[in-house]
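*Asks:* Here you go, sequence then predicted model.
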Amino acid sequence: MRSRLLTAAAVAGLLLALTACAGPSTTAPAATPSGDAATASGCGYTEAPGGVREVDAPPAEPTVSGEIAATLQTSAGEIALTLDADRTPCTVGSFVSLAEQGYFDGTTCHRLTVEGIFVLQCGDPSATGRGGPGYRYADELDGSETYPAGTLAMANAGPDTNGSQFFLVYEDTQLPAAYTVFGHMDAAGIETVRAVAAAGLADDGIAPATPVDISAVTVG
């Protein structure tokens, strides 16, 4: 694990990497124990601006359960995922629905962070960091979330603003418990993302120098 002392301003700047579908914010969203509340009356997928591709929202009542295998087919190699539908049924339900509708096909992972926070961010067909599926839904958090290497979590623009953007953690990362953790990569997937990170950033200082293009996401 990399240890690094950061000033408050530096941490705030790095957290911008995990914002999605809204203008920049310099404060981290606060964690709220909303996992049970999110499913008590269904998932509550609500219309939101920023829709990049026309897709149907998932069913309000979760149709997924247990551990679900998924694979990101990327130009950098396959990244195998395990999704935790029991812990985060609304998040996994959305991810699976978008994958099955081809929402992620032909997209590019638009942001890589290599200092302080160690993540590769994907899931925006516009590759701007502001695109989404045209709906949003609540966080599924219990306040115990941590972000070790291998974590698969949702990017957001504040509490209860989840859409389609997600991030892959390739080294242990200190973050507030404000980003829904809905699965993990396998060891080979972590190494694939580490190799991308080792090549550094593109000239814009945001995208990875080694492009990570997602051709498809397969489920099951």
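*Replies:* Right, received. Where do you want to start?
*Asks:* quick one: contacts for Tyr103?
*Replies:* Counting by C-beta atoms under 8 Å, 6 or more residues apart in numbering, Tyr103 touches Arg53, Val55, Pro125, Pro133, Ser164. The C-beta positions use only the backbone N, C-alpha and C, and glycine is treated the same way.
*Asks:* Any chance of CSV for those residues, columns pLDDT, secondary structure and neighbour count?
*Replies:* Listed next are the contacts of Tyr103 as CSV, based on pLDDT from 0 to 100; DSSP: H, G, I helix; E, B strand; the rest coil; neighbours: other C-beta atoms under 10 Å:
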residue, pLDDT, secondary structure, neighbour count
Arg53, 94, coil, 19
Val55, 96, coil, 18
Pro125, 97, coil, 20
Pro133, 97, coil, 30
Ser164, 98, coil, 29
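*Asks:* Widest-spaced pair of the residues you listed?
*Replies:* Within those, Val55 and Pro125 form the most distant pair, 10.1 Å apart (C-beta to C-beta).
*Asks:* how close does the nearest residue to Leu18 once chain neighbours are set aside sit to Thr146?
*Replies:* Excluding the flanking residues, the one nearest Leu18 by C-beta to C-beta, 6 or more residues apart in numbering is Ala155, at 4.7 Å. Distance of Ala155 to Thr146, computed by C-beta to C-beta, to the nearest Å: 17 Å.
*Asks:* how about the residue nearest to the spatial centre of the chain, phi and psi?
*Replies:* Nearest to the geometric centre of the chain sits Phe166, at 1.3 Å (C-alpha atoms, centre = their mean). With angles defined as degrees, to the nearest 10, Phe166 sits at phi -140, psi 170.
*Asks:* residue contacts, the nearest residue to it once chain neighbours are set aside?
*Replies:* For Phe166, ignoring the flanking residues on the chain, the nearest one in space by C-beta to C-beta, 6+ apart is Gly123 at 4.8 Å. By C-beta under 8 Å, 6+ apart, Gly123 lies in contact with Ala20, Phe104, Thr107, Ala155, Gly163, Ser164, Gln165, Phe166.
*Asks:* Isn't Gly42 up against Glu61?
*Replies:* Yes. Using C-beta atoms under 8 Å, Gly42 is in contact with Glu61, at 5.4 Å.
*Asks:* which of Ala155 and Thr146 has more neighbours?
*Replies:* Ala155 (26 against 12; other C-beta atoms under 10 Å).
*Asks:* quick one: the helices in the protein?
*Replies:* 8-15, 35-40, 89-100, 187-198 (DSSP state H).
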